[in-house]
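Asker: I would like the atomic coordinates for the input below:
(one chain, ligands or ions: 2)
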Amino acid sequence: MARPYRSVLYIPAANARAMEKARTLAADAIIFDLEDAVAPAEKAGARELLAEALRSDFGGRARIVRINGLDTEWGEADARAFATGADAVLVPKVSRGEDLDRVAALVPQTPLWAMMETAGGMLNAAEIARHPRLQAMVMGTNDLAKELNARFRPDRLPMMQGLGMCLLAAKAHGKIIVDGVFNAFKDQDGLRAECEQGRDMGFDGKTLIHPSQLEIANEVFAPSMTEIELSRRQIAAFEEATAQGKGVAVVDGKIVENLHVATARATLDLADAIARMDA
Ligand SMILES: CC(C)(COP(=O)(O)OP(=O)(O)OC[C@H]1O[C@@H](n2cnc3c(N)ncnc32)[C@H](O)[C@@H]1OP(=O)(O)O)[C@@H](O)C(=O)NCCC(=O)NCCSC(=O)C[C@H](O)C(=O)O
Ligand SMILES: [Mg+2]
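Answerer: Ligands and ions are numbered 1, 2, ... in the order given. Next comes the predicted model:
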């Protein structure tokens, strides 16, 4: 990853004040939402407001625009309006690779992100992940729960199969993947637990709905000082072992092989990218 995606904050594109506030918030990326967070009567106005907002600077924050589906009356105009000027266009409710083709044609120069939030999308995750224009997947756990008629549980058991299938697909094709939102935005302990679970599974970060969620996501999805220090020692020990003609080193009583060194280097690369982002 050339940049971190620890915290990916949704902002309704009809909310001028929140968009202005975003320029000062510690979000790695912002999803400007034209879809579910904007009422039908506000869609056209939100599109214009967002186009104007994107003409000025959001610092190093990645600017993602979530358009309406092309099966709605707004989708095509959204895609045309943000064919340039955003860092990516996020397509809602992607169920097959071909759902990305039409948007790709309307937006020829901008990377695509896909909302993974339908039962079909889970089943076709590999086909979607291998789409040549796709850069990232975003879990849409609210829509997925609705389609599955699943209940929200702290352990997210009903979501696990879908989360796992999308993770496997994204990792197999080298794509970024960001976890779904935690709806109870005043529950900091619940958010931390869900971030920890997502980090343990391998997600690159979490989508968020409120600024109060940024700090926890940024902390949980960043390498800790302990992980950074261990990575440095693993790399040094492995290089020393290699210089002595050995293929394996031992650090803290655990073996270190070249695959562990690859993980250690990725950890340090991410820490560097975060330091650049926070500078
Ligand atoms: C949830 C909210 C409606 C709460 O809004 P509000 O009551 O205004 O919150 P606060 O009074 O606590 O706000 C304090 C200040 O923070 C600013 N604010 C609030 N939210 C945001 C935000 N998302 N980004 C930037 N700034 C924000 C307020 O303007 C206040 O600022 P100030 O006046 O200067 O003090 C609201 O947070 C909200 O609308 N959140 C986003 C909701 C959203 O985008 N939903 C759609 C995406 S989720 C989804 O669809 C996922 C997926 O598709 C799925 O299926 O799961
Ligand atoms: Mg959704």
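
Asker: buried stuff in stretch 82-99?
Answerer: Under the neighbour-count criterion of 16 or more other C-beta atoms under 10 Å, stretch 82-99 has 82, 86-95, 97, 99 buried. From N, CA and C alone the C-beta is placed, and that goes for glycine too.

Asker: which helices and strands does the lengthiest helix in the chain pack with?
Answerer: Assignment by DSSP state H gives helix 258-278 as the longest helix of the chain. Judged by 3 or more C-beta pairs under 8 Å, 6 or more residues apart in numbering; DSSP states H and E, helix 258-278 is in contact with helix 225-243.

Asker: who does the helix it packs on touch, helix- and strand-wise?
Answerer: strand 249-251, strand 254-256, helix 258-278.

Asker: re the thing from before, next, give me the two most distant ones among the buried residues of stretch 82-99.
Answerer: Spanning the widest gap among these are Asp87 and Ser95, at 24.2 Å by C-beta to C-beta.

Asker: mind listing what's buried in the longest helix of the chain?
Answerer: With burial defined by 16+ other C-beta under 10 Å, the residues of helix 258-278 counted as buried are His260, Val261, Ala264, Thr267, Leu268, Leu270, Ala271, Ala273, Ile274, Met277.

Asker: tell me who's in contact with the closest residue to Glu240 other than its chain neighbours.
Answerer: The shortest distance from Glu240 to any non-neighbouring residue, by C-beta to C-beta, 6 or more residues apart in numbering, is to Ala249 (6.9 Å). Ala249 sits next to Gln234, Ala237, Phe238, Glu240, Ala241, Ile255, Val256 when contact means C-beta atoms under 8 Å, 6 or more residues apart in numbering.

Asker: so Thr207 bridges to which residues?
Answerer: On the basis of DSSP bridges, Thr207 is bridged to Val8.

Asker: near ligand 1, which residues of the stretch 151-279 of the chain?
Answerer: Gly180, Val181, Phe185, Ile209, His210, Pro211 (C-beta under 6 Å from any ligand atom).
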